[in-house]
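Peer 1: coordinates only, no sequence provided:
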């Protein structure tokens, strides 16, 4: 699913309920469409026979499957009742715009909250300690799991790199001793 997010991917839905991704030339499922939506890939679902745009009904079907999948439901019953009550109401035409604006604001606030949380961790000495502990844990784990420590450290702190290198050599020496004891 490496479609470019700038292009609209055309999905054709056939009478046998199969979905065909014209970009990747493969049959897909509603789960694939759900994943594409989460990844921000724009797509349009067309009825293969009539050419009608059925994207709305397919997205609604995905929501229904997500809601009934057995996990925690996102849409409360009271919200669904109110939404149903808006059909045929004189305000019906305003609801889609209001919901879209509300979701945009929610996402914006979510991003701001995430940034604020990450910024507060940067100034927190306990967060720095946790990062150091994680780096030492990774170094220790790399001695036991080959290839795990192949990642380059992102920190530019040379003393920290030296500490990690020392820990790695100590762990390698311990591994050698354990191997000799095991024989």
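Peer 2: Cool, the structure landed. Remember, it's a predicted structure, so these values are computed and weren't measured experimentally.
Peer 1: isn't residue 11 right next to residue 19, touching?
Peer 2: Yes - between residue 11 and residue 19 there is a contact under Cβ atoms under 8 Å: 5.4 Å. Any C-beta I mention is one placed from the backbone N, CA and C, and that applies to glycine too.
Peer 1: what touches both of the two?
Peer 2: Contact criterion Cβ atoms under 8 Å, 6 or more residues apart in numbering; residues shared by residue 11 and residue 19: 28, 33, 45.
Peer 1: report how many residues lie close to the first one.
Peer 2: Burial of residue 28 is recorded as 18 neighbouring residues (other Cβ atoms under 10 Å).
Peer 1: take the shared contacts of residue 11 and residue 19 and lay them out in JSON lines including secondary structure and distance to residue 63.
Peer 2: Shown next, in JSON lines, are the shared contacts of residue 11 and residue 19 (DSSP: H, G, I helix; E, B strand; the rest coil; distance: Cβ to Cβ, whole Å):
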{"residue": "28", "secondary structure": "strand", "distance to residue 63": "18"}
{"residue": "33", "secondary structure": "helix", "distance to residue 63": "11"}
{"residue": "45", "secondary structure": "strand", "distance to residue 63": "14"}
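Peer 1: return the member of the residues you listed nearest to residue 119.
Peer 2: Using Cβ to Cβ, residue 33 comes nearest to residue 119 of the shared contacts of residue 11 and residue 19, at 35.2 Å.
Peer 1: and the closest one, how many neighbours?
Peer 2: Neighbour count of residue 33, defined by other Cβ under 10 Å: 23.
Peer 1: ok, back up a step: quick one: which of residue 11 and residue 19 has more around it?
Peer 2: Counted by other Cβ under 10 Å, residue 11 and residue 19 do not tie: residue 11 has more neighbours, with 22 against 19.
Peer 1: local confidence estimate at the more buried one?
Peer 2: The per-residue pLDDT reported for residue 11 equals 96.
Peer 1: please shift the residue numbers so they start at 34 in all later answers.
Peer 2: Yep, numbering from 34; the last one is residue 44 now.
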